[in-house]
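Enquirer: A structural model of the following input is requested.
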Amino acid sequence: MRNIKLTIAYDGADFRGWQVQPGLPTIQGALTDAAHQITQEKTMIHGASRTDTGVHALGQVAHFKTQSLLSAEEFQRALNALLPPAIRIVVAEEVGPDFHARWQAQGKTYRYRIYRGRVLPPFEFRRALHYSGPLDEDAVVAAARLFEGEHDFTSFAASSGSEEDESERDMVRVLYSSEIVREPEREEIAYLVRGRSFLRYMVRKIVGTLIEVGKGRLAPADIPRLFEARDRSCSGPTAPPEGLYLVSLEYPDPTDSLASSISRRRASSV
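Expert: You can find the predicted model right below:
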């Protein structure tokens, strides 16, 4: 079996998220149908991130196993010919049999766009949150930095809907970076965050909280208190999905893995 890795970009506005849902349009469903048409195999597409309804991607990563003899480049062309225009395979490459898009991901970067102009351009409809009201951007910048590091993000995640599941979930996450990027030439600001993994709605809850800081309803000094509260009702609202983009995924360098494997073999032969 060959293992094909896909880097995927998509406009999520017309899809019910990544994960297959019977009778509903999803990214994973569209990819699975296209791969089946090409290979005539029962194909399982494994994605790195289960993006929600309306969320976009610039660099989602997925993989699937196949016995087809088509090259990775041929798969890219064939998939793009069959997929709806809102989904594009940016890169296709053959990888080792052990590669797994989800379980081997070491980092994810998300971007949330907030358009600050008075009138939202029609081309940005469903692609950015429009908020043109007063906003203390300096306070938002300061608050964003306070999310960096290791924290219990219970106050910034969606409920599982089950008390038993809630008690068993690990809500601790590590954010490598958390910052506001100002783009005055585009009349927008963006929240850029990078971490190992994220809870459901976590980025959108953080954005909603940052907007509350900008409005003066919360202060940067409140962020540590929100972590300690472990109560999602204390944080800001969940920002809508249209501003959120999965930018990229990070994986171990395959050459490092090869070098480590050679070193282990040499050590065992001594």
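
Enquirer: what ranges do the helices span in the stretch 101-250 of the chain?
Expert: Remark: helices assigned in the stretch 101-250 of the chain by DSSP state H, counting those that start in this stretch are 137-145, 163-168, 202-215, 223-229.

Enquirer: Just read off the phi/psi values of Ala30.
Expert: phi -60, psi -40 (degrees, to the nearest 10).

Enquirer: State the distance from it to Phe99.
Expert: Ala30 sits at a distance of 22 Å from Phe99 (criterion: CB to CB, to the nearest Å). In this view, the C-beta of every residue, glycine as well, is placed from N, C-alpha and C.

Enquirer: what residue ranges in the stretch 51-200 of the chain score low on pLDDT?
Expert: 160-168 (pLDDT under 70).

Enquirer: quick revisit: to Gly17, which of the helices of the stretch 101-250 of the chain lies closest?
Expert: With CB to CB, the closest approach to Gly17 among those belongs to helix 202-215: 13.0 Å.

Enquirer: quick revisit: ranking the helices of the stretch 101-250 of the chain by burial, who's on top?
Expert: Across the helices of the stretch 101-250 of the chain, averaging neighbours per residue (mean count of other CB atoms under 10 Å) puts helix 202-215 on top, at a mean of 24.

Enquirer: name the helices or strands packed onto that one?
Expert: Contact partners of helix 202-215 among helices and strands, from 3 or more CB pairs under 8 Å, 6 or more residues apart in numbering; DSSP states H and E: strand 107-115, helix 137-145, strand 172-183, strand 188-195, strand 244-250.

Enquirer: can you redo those as a markdown table with distance to Leu24?
Expert: Converted to a markdown table, these look like this (distance: least, CB to CB, whole Å):
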| stretch | distance to Leu24 |
| --- | --- |
| strand 107-115 | 23 |
| helix 137-145 | 34 |
| strand 172-183 | 29 |
| strand 188-195 | 28 |
| strand 244-250 | 19 |
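
Enquirer: of all these, which lies closest to Ile38?
Expert: Minimum separation from Ile38 across those (CB to CB) falls at strand 244-250, 23.7 Å.
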